[in-house]
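Q: dropping a prediction and its sequence here:
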Amino acid sequence: MNRTNPVGVFDSGIGGLTVVKELDQILPNENLIYFGDTARVPYGSKSNETVIEYSKQDAKFLLNKNVKMIIVACNTASSVALKELRKSFDIPIVGMIEPGVKAAIEKTKNGKIGVIGTHSTINNKAYSRELLKQNKKLQVYEKACPLFVPLAEEGMIDHPATKLIAEDYLTELKKKKVDTLILGCTHYPILSKVIQEIMGNNVTLIDSGKAASSIVESYLQGRGLRNESHQIGKREYYVSDLPQKFKTIASTFLGKPISDLRKIDLEELF
Ligand code: DGL
């Protein structure tokens, strides 16, 4: 495997761009290929079988582009499909769960950790299982917050409706006095301002994508795969559908306008 080969990143849609935004900071000289399965989003309300099938197709698409490693920048796919992906493909694959868990355990002082994510991530208990595996004494409280995904995509960051919905979702976790809250969905960092306001400044928010990005660097370094070029790396974005508002929404997630964007046909995934 060549050091200059790109790093592959995939998500069910555009949530994974919040991870690319972190990678831009930490690994600016790596070449990146992003795939967002915008035609089949959301994954968070689909069955495990479907998410595994889609995730394998997404990974294969990236492998065909000669990526040197894959980041599953989707908590739902990480929760459900990571094991299968690692079994099926002989390439380093990093998910969101383990790094998020590690960061939360490092931060919590009172041992009470909240987790928010899609229905799939929460129902599969991906975070709570891993947290309790690391430390049986932790108290973990989980809550599915499915409406956060469309609110983030609509860019309703400061909207009163977002605040109302966030209050409804988060009040219970606040009452449990969690001191650390894992944002277990790559869409959620977009709404971190309102989430922080409701939880209060004493609660540390863990951005699972940020935690995963910092692990990727040591991962590449450890395997002698770090691109040592001093040039800014190339970024290529592929999506399976191109909705009208895509560029506006994507730039909210990425924090800058997107270039080199291509739509692929779904058949290319089969
Ligand atoms: N970005 C996905 C995640 O991190 C959520 C969106 C979806 O439901 O597909 O779980």
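A: All right, it came through fine.
Q: next, count neighbours for the closest residue in space to D265 that isn't next to it in sequence.
A: Nearest residue to D265 in three dimensions, chain neighbours excluded: S240, at 7.9 Å (CB to CB, 6 or more residues apart in numbering). (Each C-beta comes from the backbone N, C-alpha and C, glycine too.) Per other CB atoms under 10 Å, the neighbour tally for S240 reads 22.
Q: now the end-to-end length of stretch 139-152.
A: Distance between the two ends of stretch 139-152: 28 Å, counting by CA to CA, to the nearest Å.
Q: where does K65 sit: helix, strand or coil?
A: The three-state label given to K65 by DSSP: H, G, I helix; E, B strand; the rest coil is coil.
Q: return the set of buried residues in stretch 197-208.
A: I198, M199, V203, T204, L205, I206, D207, S208 (16 or more other CB atoms under 10 Å).
Q: and the strand or helix carrying the first one, how far out from the chain middle?
A: I198 is part of helix 192-199 when elements are defined by DSSP states H and E. Distance, stretch centre to chain centre, for helix 192-199: 19 Å (CA atoms, centre = their mean, to the nearest Å).
Q: before we move on, what about stretch 121-141?
A: 18 Å.
Q: swap in stretch 140-153?
A: Distance, centroid of stretch 140-153 to centroid of chain: 13 Å (CA atoms, centre = their mean).
Q: what does the protein have sitting close to the ligand?
A: With the criterion set to CB under 6 Å from any ligand atom, the chain comes near the ligand through 11-13, 15, 41-44, 74-76, 118, 121, 149, 185-187.
Q: swap in 5 Å and give it another go.
A: Counting by CB under 5 Å from any ligand atom, the residues of the chain close to the ligand are 12, 15, 41-44, 74-76, 118, 149, 185-187.
Q: dump those into a markdown table; add secondary structure as well.
A: Output for the residues of the chain next to the ligand, formatted as a markdown table (three-state DSSP):
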| residue | secondary structure |
| --- | --- |
| S12 | coil |
| G15 | coil |
| V41 | coil |
| P42 | coil |
| Y43 | coil |
| G44 | coil |
| C74 | coil |
| N75 | helix |
| T76 | helix |
| T118 | coil |
| V149 | helix |
| C185 | coil |
| T186 | coil |
| H187 | coil |
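Q: can you put those residues in JSON lines and add neighbour count and distance to Y127?
A: Shown next, in JSON lines, are the residues of the chain next to the ligand (neighbours: other CB atoms under 10 Å; distance: CB to CB, whole Å):
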{"residue": "S12", "neighbour count": "29", "distance to Y127": "18"}
{"residue": "G15", "neighbour count": "29", "distance to Y127": "16"}
{"residue": "V41", "neighbour count": "24", "distance to Y127": "21"}
{"residue": "P42", "neighbour count": "21", "distance to Y127": "18"}
{"residue": "Y43", "neighbour count": "26", "distance to Y127": "16"}
{"residue": "G44", "neighbour count": "27", "distance to Y127": "14"}
{"residue": "C74", "neighbour count": "37", "distance to Y127": "14"}
{"residue": "N75", "neighbour count": "37", "distance to Y127": "8"}
{"residue": "T76", "neighbour count": "33", "distance to Y127": "12"}
{"residue": "T118", "neighbour count": "28", "distance to Y127": "12"}
{"residue": "V149", "neighbour count": "23", "distance to Y127": "17"}
{"residue": "C185", "neighbour count": "32", "distance to Y127": "11"}
{"residue": "T186", "neighbour count": "33", "distance to Y127": "14"}
{"residue": "H187", "neighbour count": "31", "distance to Y127": "16"}
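Q: ok, which pair from the residues you listed is furthest apart?
A: V41 and N75 (13.3 Å; CB to CB).
Q: ok, now which ones touch L151?
A: By CB atoms under 8 Å, 6 or more residues apart in numbering, the contact list for L151 reads H159, A161, T162, I165, L191.
Q: among those residues, list the two that are farthest apart in space.
A: A161 and L191 (11.8 Å).
Q: output the below-cut-off pLDDT ranges for the stretch 101-250 of the chain.
A: Within the stretch 101-250 of the chain, no range satisfies pLDDT under 70.
Q: would you map the strands across it?
A: With strands called from DSSP state E, counting those that start in this stretch, the stretch 101-250 of the chain shows them at 112-117, 139-144, 180-184, 204-207, 235-239.
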